[in-house]
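In: my questions concern the predicted model and sequence given below.
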Amino acid sequence: MTPYEILGLSPDASPSEIKAAYRRAVMRAHPDRGGSEEDFRRVQKAFEDLQKGPCPDCGGKGFVTTHRGFFVDKTRCPRCWNL
């Protein structure tokens, strides 16, 4: 999942929307509130990745296109999908 999907956002979300979605997701995923540690870490990493800015490989889209002659392959971005 991409960081936007983890936080339940669209890719064109503003920084204030990202922050609000992060707060909601952290409250749901926090281990003291019945969530799992794995989900909590995933939410934290997604927020950190979005704070860094768009991925230099895919521009934040989550997919990289590669050209093989006439064929164009659309594959998952290794940086964005490594969550």
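Out: Everything's here; your move.
In: which parts of this structure are strands?
Out: Listed in chain order, the strands of the chain (DSSP state E) span 63-68, 71-76.
In: quick one, which of those strands is nearest to residue 41?
Out: Among these, strand 71-76 comes nearest to residue 41, with 20.3 Å by Cβ to Cβ. The C-beta positions use only the backbone N, C-alpha and C, and glycine is treated the same way.
In: partners of the closest one, with directions?
Out: Its sheet considered, strand 71-76 pairs with strand 63-68 (antiparallel) by DSSP bridges.
In: can you list the buried residues in the strand it pairs with?
Out: residue 64 (16 or more other Cβ atoms under 10 Å).
In: and stretch 68-80, by the same measure?
Out: 77, 80.
In: please apply the same query to stretch 25-35.
Out: Neighbour counts over stretch 25-35 (16+ other Cβ under 10 Å) mark 25-26, 29, 35 as buried.
In: now those in a markdown table, with pLDDT?
Out: Shown next, in a markdown table, are those (pLDDT from 0 to 100):
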| residue | pLDDT |
| --- | --- |
| 25 | 94 |
| 26 | 94 |
| 29 | 93 |
| 35 | 90 |
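In: go through the residues you listed and flag which are in helices.
Out: Among the buried residues of stretch 25-35, the members found in helices (DSSP state H) are 25-26, 29.
In: okay, residue 34 and residue 13: tell me how far apart.
Out: According to Cβ to Cβ, to the nearest Å, residue 34 and residue 13 sit 26 Å apart.
In: brain fart, residue 1
Out: 15 Å.
In: comparing the two, which residue is more hemmed in?
Out: residue 13 (16 against 12; other Cβ atoms under 10 Å).
In: doesn't residue 2 make contact with the more buried one?
Out: No - here residue 13 does not reach residue 2: they are 12.0 Å apart, not a contact under Cβ atoms under 8 Å.
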